[in-house]
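What shape does this take:
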Amino acid sequence: MLDISSNTFKNPFPLLPKSVIYFSASDNQFSGEIPKVICELDSLGKLILSNNNFSGSIPRCFENFNTKLTVLHLQNNSLSGNFPEESVSVGLVSLDVSHNQLSGELPKSLINCTYLQFLNVEDNMFNDTFPFWLRVLPGLQFLVLRSHEFHGPIFSPEGSLSFPKLRIFDISKNLFTGVYTPDNKQQRFIGVSFSNYSKSVVLTNTGSKMELLGISFNIYKTIDVSENRFEGEIPKSISLLKELIVLNMSSNAFVGHIPPYLSNMTNLQSLDLSRNRLSGKIPLELEKLAFLAWMNFSYNMLEGPIPQGTQIQSQNSSSFGHRP
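Got it, this is the predicted structure:
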């Protein structure tokens, strides 16, 4: 195992013994293409090169590691081009290529990664439809497609949006359209503990961005579909997700009333329904949400009194005002 992370190392890239099974060089100043010498390692299981200045394309040789490579983290670099099908090792448990300049479509070879639990491709330039084919992955818990040009509906005539083990589902800041209907199976939120190996994702909670690291994922159960083009009423099935902690549906085109059955989500701590076309009153039933620490209903067409619950009255007035 070799860990040289969190230094100020620059090129040339170090020569690595072929026996390395864990290599982390994150948070340094390496630049240029990812060295092909990495592909010659015999038993590489975890590769973490995040937070450097690597550029060029992702090496196509990673599939050569077969089931050995379980962790591949390349986030916060300047990698570009398509994500090659050949760059996917079927043994991956955690894949993070967020905050790069990758484009094209997601590699369909991810469908072969039957152990995959964590997938973060946030803030690249992917232009694709929703990857329904990922639902065949039995253990997928974290799916983050935030800040791309993903488009079209997230409804499939072949079946429901079924990811039974999801804990974090973030498709915000895309171009998705149509009606959003989460699958009831997501209410299970079955979790598996992760090792604390530099795994991170940025969520929008209590109105600001927040980065979660490592074991924090065992706590958060999140749905973020904000800043898309979803329409229709807020689906009733959302109320079945009783373990949900963060729900962000802001900046869409949802219409109708705020449903009183949201009060069934008794663990909810953050609720953002702002910047939609909701009308009517804020349901009195929301007073039951004892853990609700932050909420935002602004920029809708709501009317009537604000419920008197302690957690609601403690909110800033800006959470309730402003018509679109």
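
And the contacts of stretch 2-12?
Outside of stretch 2-12, the residues within contact range by CB atoms under 8 Å, 6 or more residues apart in numbering are 14, 16, 20, 22-32, 48, 198. From N, CA and C alone the C-beta is placed, and that goes for glycine too.

For residue 142, state which of these is nearest.
When these are compared for distance to residue 142 (CB to CB), residue 198 wins out at 14.1 Å.

per-residue pLDDT, that closest one?
We note a pLDDT of 39 for residue 198 in this prediction.

can you list the weak-confidence ranges in the stretch 1-150 of the chain?
Within the stretch 1-150 of the chain, no stretch has pLDDT under 70.

returning to that earlier point: PyMOL command to pick out the buried ones of the contacts of stretch 2-12?
Applying 16 or more other CB atoms under 10 Å to those, the buried members can be selected in PyMOL as follows:
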select buried, resi 16+20+23+24+25+26+27+28+30+48+198
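
Now, the contacts of stretch 2-12 that are in strands?
The members of the contacts of stretch 2-12 that map onto strands under DSSP state E are 22, 23, 24, 31, 32, 48.

Tabulate the residues you listed (TSV), appending distance to residue 222.
Formatted as TSV, the entries for the ones in strands among the contacts of stretch 2-12 read as follows, by distance: CB to CB, whole Å:
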residue	distance to residue 222
22	29
23	31
24	27
31	34
32	36
48	24
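
Tell me where the chain has helices.
Assigned by DSSP state H, the helices in the chain fall at 310-313.

domains of this protein?
Domain ranges of the chain: 1-104, 117-324, per automatic domain parsing.

Pull the contacting residues for the nearest residue to residue 130 once chain neighbours are set aside.
Using CB to CB, 6 or more residues apart in numbering and skipping residues adjacent in sequence, the residue nearest residue 130 is residue 154, 4.5 Å away. Residues counted as contacts of residue 154 (CB under 8 Å, 6+ apart) are 130, 161, 171, 176, 178, 180.

Give me the mean pLDDT for stretch 228-235.
The pLDDT scores in stretch 228-235 average 92.

for stretch 260-273, that is, sorry about that
Per-residue pLDDT values over stretch 260-273 give a mean of 91.

mind listing what's buried in it?
262, 263, 264, 265, 268, 269, 270, 271, 272, 273.

try stretch 245-261
Neighbour-count burial for stretch 245-261, counted by 16+ other CB under 10 Å, picks out 245, 246, 247, 248, 249, 250, 251, 252, 254, 258, 259.

nearest to residue 105, of those residues?
Out of the buried residues of stretch 245-261, the member with the shortest distance to residue 105 (by CB to CB) is residue 252, at 24.1 Å.

what sits against that closest one?
Taking CB under 8 Å, 6+ apart, we find residue 252 in contact with 180, 225, 226, 227, 228, 229, 230, 231, 275, 276.

separation between residue 77 and residue 36?
Counting by CB to CB, to the nearest Å, the gap from residue 77 to residue 36 is 16 Å.

Hmm, I typed the wrong one, I wanted residue 261.
Separation of residue 261 from residue 36 (CB to CB): 55 Å.

Same question for residue 92.
Using CB to CB, one obtains 20 Å as the distance from residue 92 to residue 36.

Which of these two has more residues huddled nearby?
Under the neighbour definition other CB atoms under 10 Å, residue 92 and residue 36 were set side by side, and residue 92 has more, 23 against 10.

What degree of burial does the nearest residue to that one once chain neighbours are set aside show, as a neighbour count?
Once its chain neighbours are removed from consideration, residue 92 has its nearest residue in residue 113; the separation is 4.7 Å (CB to CB, 6+ apart). Around residue 113 sit 23 other residues, with neighbours defined as other CB under 10 Å.

So residue 113 sits against residue 88, correct?
Yes: distance between residue 113 and residue 88: 6.5 Å, which falls inside the contact criterion (CB atoms under 8 Å).

shared neighbours of these two, anything?
With contacts defined as CB under 8 Å, 6+ apart, the residues shared by residue 113 and residue 88 are residue 95.

and the residue nearest the centre of the chain, bridged to which residues?
Nearest residue to the geometric centre of the chain (CA atoms, centre = their mean): residue 144, 2.2 Å. Per DSSP bridges, the residues bridged to residue 144 are residue 120, residue 170.

Just to check, it is in contact with residue 97?
No: using CB under 8 Å, residue 144 is not in contact with residue 97, being 10.7 Å away.

which residues does the closest residue in space to residue 277 that isn't next to it in sequence bridge with?
Of all residues not flanking residue 277 in the chain, residue 255 sits nearest, at 4.7 Å (CB to CB, 6+ apart). Beta-bridge partners recorded for residue 255 (DSSP bridges): residue 233, residue 277.

oh, and call the first residue 36 from now on, that's how I've got it
Happy to do that; since the first residue is 36 now, the last one works out to residue 290.

Report the contact partners of residue 290.
Applying CB under 8 Å, 6+ apart, one finds that residue 290 lies in contact with 266, 267, 268, 311, 312, 313, 314.
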